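Fold the following.
(2 chains, ligands or ions: 3)
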Amino acid sequence: MSASPAPLFEVRDLRVAFGRHGQFHEAVRGVSLTVAPGEVLGIVGESGSGKSVAMLAALGLNPEGSRVTGSVRFKGQELVGMSRRDLRKLRGSRVAMIFQDPLSSLNPVMTVGAQIAESVLLHNPGLPRRAAMERAAELLALVAIPQPDRRINQYPHEFSGGMRQRVMIAMAVANDPDLLIADEPTTALDVTVQAQIMQVLADLQHRLNLGLILITHDLGVLAGHADRVAVIYAGQVVEQAPVDDLFAQPGHPYTRGLIASIPNMAVEKERLFSIEGTPPALGRLPSGCPFNPRCSQARDICRSAVPPVSGPAQHRAACHFAFEAPATTDSPA
Amino acid sequence: MTRYILRRLFAMPFLVLGIVTLAFLLTSVTKGDPLTAIVSDRQMNNPEVVAAAKARWGLDRSLPERYVIYVGNLLQGDMGTSFITRRPVAQDVLYRLPATMELVTAAMIVGSVMGISLGVLAAAFRNTPIDHAARFFALFGSSIPVFWLGLALLYVFSVQWGVLPGPGRVDPRAALPPMVTGFVTIDALIALDFPLFLDALWHLILPAFVLGWAVAGTISRLVRANMLEVLGREFTLTARAKGAGEFRVIVRHALRNTLVPTLTVIGYSFAYLLTGAVLTETIFSWPGMGSYAVEAARGLDFPAIIGVTIVGGVVFLFTNLITDVAYVIANPRVRLG
Ligand SMILES: Nc1ncnc2c1ncn2[C@@H]1O[C@H](COP(=O)(O)OP(=O)(O)O)[C@@H](O)[C@H]1O
Ligand code: SF4
Ligand SMILES: [Mg+2]
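Ligands and ions are numbered 1, 2, ... in the order given. Take a look at the predicted model:
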């Protein structure tokens, strides 16, 4: 896969394994991705497919007892194996991350202003505290929180869910990063608020020319927001394409399933389509294509041989029958 | 919040009356005959002496009568006269309570510092030898009986090595400072007597450590569990994602979030410290409520026993009140009507 000449963020064959009873099982099994400066990459996959683990590991935030191999380059610098100190300098300044649940992501006993100011101070040690608090108020204004001067002195429980996520975003962009990783930023929010938060993210991404990795389990979120999409299944990228191509011509049966299960509010279907079955548990991969037990198009070869990656350079899919017309049973009933 | 505090304060008199009643009743139903404490064995066969003693101490009256008289006197600050010291119980208590409070306060500081440090250390290095060592050290203090620990440490540090002083609040040759607070350390400072202050502090170390170690185990266990829970919460990940180092994550973010439950367990450990003080004071010849209680119980000194019970109960009530109020103040999320 050839990327633009100078990618901002380049992940190659990233693997993350968890040890259990002396045995390691891979939750991320060779993920490769690139993000160009100012580009929005969507990462989509069901819950448990390894999206969070992959991105946390890329920043050296993988949980204790996990093993990370592969390569993660940020502006050419290798992050896998980088010293804790150098990683800390990057985190929160050049690369920022926000999480799914904005309530549990904020420290309940610190004021919102103090938490944003901490972000600023960690990377500007000489700055007076008062200046950091002023910056915090500016940042709240940047994410369209009214009365920022009053709000900085309040605690997270005094904010609504959407407002908390705005606070998280403000904290993340405090030091004008080059890359923001947003891990399911709208999943925990009400539908009406989701759109507002996406708008805030899109605005900032545009204004600050952020490289943005937008993680979601809902492909619908990515339409209109992502430039490219990587579909993850069982710890692997099974399809990667520009967003329009992906919707117009999904190559992988799993992607087609995800598209079919996008909640469509205009139509208000009575029953939402969902892909049958569940993703394989850690260490319990089927032989052949990892998706074969759930795939309506599976044939014999799918149970014996791991499918190769195929397709044009900008649109790749890992399926023996990628880009073949889907069987009728695959569409929503 | 003010209403909550007022409501709690309003309930106090009733709770105190409950304690008084209970202390009074419990003492009356015990088998021991207080007469044996007042009248010598030989005189016991002399009906006149016995009758006079009964009349003198009010033992000839019925229980309800005695109760009403006692409560009436108590309202005027009169707790009766000790059979043994022949001094007003209130006066004895006034002299001895500060000694206990000084010991218990020092023990609480030692216990909290030890408990919190050990708990944080154990959580930060969970499942490593440091964790095991910290947990063992904490567990040791809370499982070894106070009297055994007290005697052993007294023997090693005072008798064998001579690095710490023997029993007592100050050097036996030294005079106590003029009583202001009743805390010898503080009173010595007020009197600007620094050698005496150091001497008092020096005497406080061992008993405070023995008593404090016992509660450090409970505190550290709670702190460790809370720290592990908080370290697993997402905002610690946010802190790391911001570029915070491990020390900052543990102290600034995690520890601060465990402060409220820690404060509570420290407050409630007061009751344990009060009971533990009884044995500690006896071993360290500490002239406090604990040793007073032991002497009173041994001598069937009923007025003193009731007095000690009431004062202990009231102290306990107040520390719980303070703990609960502190909890409300320290926790920005609690809203009480
Ligand atoms: N700390 C951990 N220990 C063991 N397994 C883990 C741990 N964290 C995540 N996993 C496993 O890794 C897989 C991927 O998890 P995750 O990346 O959180 O999924 P996603 O973010 O796509 O919903 C899951 O199967 C999960 O069980
Ligand atoms: S390789 Fe076979 S089982 Fe796997 S997705 Fe393609 S058709 Fe389905
Ligand atoms: Mg996730």
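
Assign residue 282 to helix, strand or coil.
Unless you meant another one, I'm taking chain A. coil (DSSP: H, G, I helix; E, B strand; the rest coil).

not quite, I wanted chain B
B:Thr282 is classified as helix under three-state DSSP.

so how far is A:Arg94 from A:Arg135?
17 Å (CB to CB, to the nearest Å). Using the backbone N, CA and C atoms, a C-beta is placed for each residue, glycine as well.

more crowded one of these two?
Neighbours were counted for A:Arg135 and for A:Arg94 using other CB atoms under 10 Å in any protein chain shown; A:Arg135 has more, 21 against 18.

what's next to the helix or strand harbouring that one, contact-wise?
Assigned by DSSP states H and E, A:Arg135 falls within helix A:129-142. Contact with helix A:129-142 is made by A:112-114, A:116-117, A:120-121, A:124, A:148-149, A:151-152, A:166-167, A:170-171, A:173-174, A:204, as judged by CB atoms under 8 Å, 6 or more residues apart in numbering or on different chains.

chain center to that helix: distance?
Distance, stretch centre to chain centre, for helix A:129-142: 27 Å (CA atoms, centre = their mean, to the nearest Å).

tell me which residues in it are buried?
Residues of helix A:129-142 classed as buried: A:132-137, A:139-140, A:142 (neighbour count, 16 or more other CB atoms under 10 Å in any protein chain shown).

Let me know the next secondary structure element after that helix.
helix A:148-151.

Can you list the low-confidence ranges for the stretch 201-333 of chain A?
In the predicted model, the stretch 201-333 of chain A carries pLDDT under 70 at residues A:264-272, A:325-333.

hmm, 50 instead?
In the predicted model of the stretch 201-333 of chain A, residues A:328-333 satisfy pLDDT under 50.

can you list the residues of it near ligand 2?
Within the stretch 201-333 of chain A, the positions near ligand 2 by CB under 6 Å from any ligand atom are A:252-253, A:289, A:291-292, A:295, A:297-298, A:302, A:307, A:319-321.

Could you measure from the closest residue to chain B within the stretch 51-200 of chain A over to B:Thr238?
Of all residues in the stretch 51-200 of chain A, A:Gly92 sits closest to chain B, at 3.5 Å by CB to the nearest CB. In this view, A:Gly92 and B:Thr238 are 10 Å apart by CB to CB.

Tell me, how many residues neighbour residue 284?
Going with chain A. What A:Arg284 shows, counting by other CB under 10 Å, is a neighbour count of 9.

Switch to chain B, please.
Here the count is done by other CB under 10 Å, and B:Phe284 has 29 residues near it.

Mind pulling the model confidence for it?
Note on B:Phe284: pLDDT of 90.

Identify, by residue count, the longest helix of the chain.
Let's take chain A. helix A:191-208 (DSSP state H).

try chain B instead
Longest helix in chain B, counting by DSSP H: helix B:194-231.

buried residues in stretch A:223-234?
Buried residues in stretch A:223-234 (16+ other CB under 10 Å): A:223, A:225-234.

ok, now stretch A:200-209?
A:200-201, A:204-205, A:208.

Quick check: phi and psi on the most centrally placed residue in chain A?
The centre of chain A sits closest to A:Ile215, judged by CA atoms, centre = their mean, with a distance of 2.3 Å. Recorded main-chain torsions at A:Ile215 are phi -90, psi 140, according to degrees, to the nearest 10.

Can the very next helix or strand once past the longest helix of chain B be said to contact ligand 1?
Using DSSP H and E, the helix or strand that follows helix B:194-231 towards the C-terminus is helix B:234-242. No - using CB under 6 Å from any ligand atom, helix B:234-242 stays clear of ligand 1, coming no nearer than 11.5 Å.

how about helix B:234-242 against chain A, any contact?
Yes - Helix B:234-242 lies within reach of chain A by CB under 8 Å from any CB of the partner chain, at B:234-235, B:237-242.
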